[in-house]
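Engineer: sequence and predicted structure below; questions after.
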Amino acid sequence: MREMATQADKEIPGLFDRAYALFTLVNSLPDEMSDEEIAGLLHVLPADIRSTLSSILHRRHRRAGMLFLKMIAAWLEEAVGARQRGQKLLLGTFNYLPEFIHAFRGAVLLTSEVITTLGVVSLEGQGERYWDYAMGLGIPDFLCSANTIALGSVLTGCDIIPDGIVQSAPGACDANSKIHEFVAREYDIPQFFIEKPNYTDRRGREQYQKNFLACVRQLEGFIGEELDEERLREVLEKSNRCTELFYELWDLRKFVPCPVPNIFSLFTFATRFTMWGRDEGIRLFTTMVETVKEIMEKDDYVAPERARTVWTYLPYFFDFSGFFNWLEEQGVVYLNDVLTACFPTIIDTTDMQSMLRGLAESAWNMPMTRQMGGDSMMIRWLDDIVHCVNDLGANAAVYCGHHSCKQTWSVVAAVRNEIQKRAGVPTLCLQGDSWIRRMTPMSVLQEEISSFVDNVLARKPRGARRKAE
């Protein structure tokens, strides 16, 4: 199939290479920029990346936004230089633990869904040409755009090719699992996966831990390096600090009006999938918490709060400004989604056994692994959403209707009804693709959200603002 790439395809650089070339410019930007400097920068940029940067570098959270961009640039830079340093370059799914790979000196991890998102938010034409290429190979369109866009670029033969593929998708997301398996077979790349059992009781958790430990041993053999206890402890202590800051940010979302910028949800799960357990992740979380406290002190809210929403699955990634910023301008709070519903725990770093046990538990709690598949497509997903609605004081839930996810579509009606019964809030069901704009334009999605807020949700804000301690 590799021979099917035409000359025209080969003249188009790969998605990763194009995104990396853009992000190399980030490090040339100063840490602090004025409104005038930002306006000048945006003026010379294409529309897609202009929307992205205007959202990330909004005046309320510019310091955190710049730190986020530089964190992602550093993550990409590490991958580009991996082989020169004698490291294995691994490609993984979003629900694979980055901190586990950070504990190896001889390996670097890239995440398919993060690469797709970087392409969609920064490149001219977003990631559509790579999706179209994959469809042209006969790959069915019910595979998820979250990874098929990045892997479609890999399949052109013009992009970065990993040394190995690591994934936690089997048993939780078959579409994700199969597209990675397809690429692994096409390029004869070894796979290392942690399979979720089809039961989630104590027996299932014990089996999952065995599967995780087996993956550890396989990767040690492939990388040529045994996990070092002291290095693992160092990484997990930093992971624990990320966990503490994660929950501090979570608690700040409970204030009414919510002082946490909507896009901080994206910053949170992007860090979880890339730099969790690293100093870069700690710095970003610390800055986000500081930024939120400054917003509270200055009473710096974009608009009066009209709705507090929990997104039961995913946001839309193809227009940050038209999504995250627009929601804030309408007084709609984006409290969280399934990607931030990973509920990390503090890992006991006493010895190697306790650390590996804690890593296995963290892997089990990663998004989608925790909620989807196994013996039920609905129960744990529903339980987590209801918990988020009640804990964060939401007055509505929203399902994005991601085109590719037949798993969630199969139970969304039952989930919507149960959310109403158990949490007393309505659910708006949208239809679109989280990474492909031509499926449903942002203007149509905005219309439906506005109609829902205006006609279904009460205009009166819920509760009084909590005082900062």
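Structural biologist: Cool, the structure landed. On a predicted model such as this, the values are computed, not experimentally measured, just so you know. Residues are numbered from 1 along each chain as shown.
Engineer: I'd say Leu29 and Gly65 touch.
Structural biologist: No - Leu29 is beyond contact range of Gly65, at 10.8 Å (criterion: CB atoms under 8 Å). Where C-beta positions appear, they are placed from N, C-alpha and C, glycine not excepted.
Engineer: so for these two, which residue has more residues nearby?
Structural biologist: For Leu29 and Gly65, the more surrounded residue by other CB atoms under 10 Å is Gly65, and the numbers stand at 26 against 16.
Engineer: nearest spatial neighbour of that one, skipping sequence neighbours?
Structural biologist: Ile56 (4.1 Å; CB to CB, 6 or more residues apart in numbering).
Engineer: next, count neighbours for that neighbour.
Structural biologist: Ile56 has 23 nearby residues by other CB under 10 Å.
Engineer: check contacts around it.
Structural biologist: By CB atoms under 8 Å, 6 or more residues apart in numbering, the contact set of Ile56 is Gly65, Phe68, Leu69, Ile263, Phe320.
Engineer: buried set for the helix ranked longest in the chain?
Structural biologist: In the chain, taking DSSP state H as the definition, the longest helix is helix 229-252. Neighbour-count burial for helix 229-252, with 16 or more other CB atoms under 10 Å as criterion, is recorded at 232-233, 235-236, 238-243, 245-246, 249-250, 252.
Engineer: now do it: everything it contacts.
Structural biologist: Residues outside helix 229-252 that contact it (CB under 8 Å, 6+ apart) are 99, 102-103, 105, 259-260, 264, 268, 271, 276-279, 281-282, 285-286, 288-289, 292-293, 296, 336, 344-347, 349, 351-352, 355, 358-359, 362, 392.
Engineer: which stretches of the chain have low pLDDT?
Structural biologist: Where the chain drops to pLDDT under 70, the residues are 1-12, 171, 373-377, 458-469.
Engineer: hmm, 80 instead?
Structural biologist: 1-12, 169-174, 373-378, 404, 406-407, 458-469 (pLDDT under 80).
Engineer: phi and psi next, for the residue nearest to Gly65.
Structural biologist: Backbone torsions of Ile56, given as degrees, to the nearest 10, read phi -70, psi -40.
Engineer: for Pro261, see how far away it is.
Structural biologist: Shown here: Ile56 relative to Pro261, a distance of 10 Å by CB to CB, to the nearest Å.
Engineer: try Phe142
Structural biologist: 34 Å.
Engineer: same question for Cys158.
Structural biologist: For Cys158, the distance to Pro261 - CB to CB - is 37 Å.
Engineer: now swap in Pro190 and tell me
Structural biologist: 41 Å.
Engineer: who's more crowded, those two?
Structural biologist: More neighbours surround Pro261 than the other of Pro190 and Pro261, with 25 against 13 (other CB under 10 Å).
Engineer: switch the contacts of Ile56 over to TSV; also include distance to Thr116 and secondary structure.
Structural biologist: Below are the contacts of Ile56 laid out as TSV (distance: CB to CB, whole Å; DSSP: H, G, I helix; E, B strand; the rest coil):
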residue	distance to Thr116	secondary structure
Gly65	20	helix
Phe68	17	helix
Leu69	17	helix
Ile263	18	coil
Phe320	15	helix
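Engineer: pull out the buried residues from stretch 77-97.
Structural biologist: With burial defined by 16+ other CB under 10 Å, the residues of stretch 77-97 counted as buried are 78-80, 82, 87-97.
Engineer: in the stretch 351-469 of the chain, which spans are helices?
Structural biologist: 352-364, 379-392, 406-409, 412-423, 442-455 (DSSP state H, counting those that start in this stretch).
Engineer: figure out which of the ones you listed is closest to Asn147.
Structural biologist: Closest to Asn147 of those, according to CB to CB: helix 406-409, at 14.7 Å.
Engineer: got the CA coordinates for the closest one in PDB?
Structural biologist: What follows is helix 406-409, C-alpha atoms only, in PDB (Å, rounded to 0.1, in the frame of the first residue of the first chain):
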ATOM      1  CA  LYS A 406     -20.300   4.800  17.300                       C
ATOM      2  CA  GLN A 407     -19.700   3.500  20.900                       C
ATOM      3  CA  THR A 408     -21.000   6.700  22.600                       C
ATOM      4  CA  TRP A 409     -23.700   7.200  19.900                       C
END
